[in-house]
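Peer 1: requesting a structural model of the entry that follows:
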Amino acid sequence: MANQRIFITGGASGLGKAIALRFARAGWKVCIADLNEARGAETLSALGSDGYFLRCDVTREEDLRAAAESLQARWGGVDVVVNNAGVAQAGAIEDVSIDDWRWIIDINLLGVVRGCKVFTPVFRLQGHGHFVNVASMAGLLDVPMMSSYNATKAAVVSLSETLHNELADANIGVSVVCPSFFKTNLGDSLRTTDPRLGATMARLLERSAVTADDIANDVFRAVEQRKFYVLSHAEGRRAWLMKRFLPRGIYAKVMRRSTARMRPSPGPTPTT
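Peer 2: Coordinates of the predicted model:
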């Protein structure tokens, strides 16, 4: 798989950076796209001569089209596109503003839609390609107090499932990545109606034994094997199987018990 080409949105930090470094170690040409140019420069220095950085806002289709044109001019195409850029939002359904819903949908869902829309014609023209869409276990389960995040990630899973069928005859593969909590900088983007939720999420991220490097290794194998689901967390896989095969009432009781830590302890109602 050496000398192949990969493009990663949100590639300057977190999981995107780990994926970039994993593919670079395997001899791939790597392009990272991000809004944070300082972090982009740091990651680029670790990628070596076959890496480059593009400033790209996934809420702007024209930025992704410019990226596709740049990849075509520099490399003659691209083999894998990782739609990774994302943000987080937490809060009770009655507290989260519609503006925050629009914000997270525009990045987490429509950012992936734009990436797939722009690069599918590129893949069709060259006769092959592979999308890696980063969702979350939140898209397969139903963690309380995170309805907007869960909904966007569930939509990414559904989009990926659809494209897995729609694009197969064009020799275009699709993988959907659904990690649970792991050490990353997702909390940097978190919007929440209750600071206690942010503290709870930070603890869960920090305690995870699964790292971004572990997930990047899973992504690399999924591309090699053209595997669809990438589920790196054993606990998350078990919960997903329970949801699929247990009666809803039993599963819901288990979920409410296991996610009690996501509901903040009683205290003063936050003001906005």
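
Peer 1: which residues of the chain fall in helices?
Peer 2: Along the chain, the stretches classed as helices by DSSP state H are 14-25, 37-47, 61-75, 98-104, 110-126, 147-166, 195-207, 212-225, 234-245, 248-258.

Peer 1: can you name the residues in contact with the last one?
Peer 2: The contact list for helix 248-258, computed with C-beta atoms under 8 Å, 6 or more residues apart in numbering, reads 141, 142, 143, 144, 239, 242, 243, 246. Every C-beta, even on glycine, is put in place using the N, C-alpha and C of the backbone.

Peer 1: residues in contact with the residue found closest to the second one once you drop the neighbours it is linked to in the chain?
Peer 2: The shortest distance from residue 142 to any residue other than its chain neighbours is 6.1 Å, reached at residue 150 (C-beta to C-beta, 6 or more residues apart in numbering). Contacts for residue 150 (C-beta under 8 Å, 6+ apart) come out as 138, 139, 141, 142, 143.

Peer 1: near residue 149, how many other residues are there?
Peer 2: 25 (other C-beta atoms under 10 Å).

Peer 1: from memory it sits against residue 88, does it?
Peer 2: Yes: here residue 149 lies in contact with residue 88, judged by C-beta atoms under 8 Å, at a distance of 5.7 Å.

Peer 1: who touches both of the two?
Peer 2: Taking C-beta under 8 Å, 6+ apart as the contact rule, residue 149 and residue 88 both touch residue 104.

Peer 1: for the stretch 101-250 of the chain, give me the ranges with low pLDDT.
Peer 2: Low-confidence regions of the stretch 101-250 of the chain, defined by pLDDT under 70, span residues 181-188, 196-208.

Peer 1: go with 80
Peer 2: Along the stretch 101-250 of the chain, the model assigns pLDDT under 80 to residues 181-190, 192-209, 233-234, 240.

Peer 1: quick revisit: most tightly surrounded among the helices of the chain?
Peer 2: Mean neighbour count, computed with mean count of other C-beta atoms under 10 Å, is highest for helix 14-25 among those, reaching a mean of 24.
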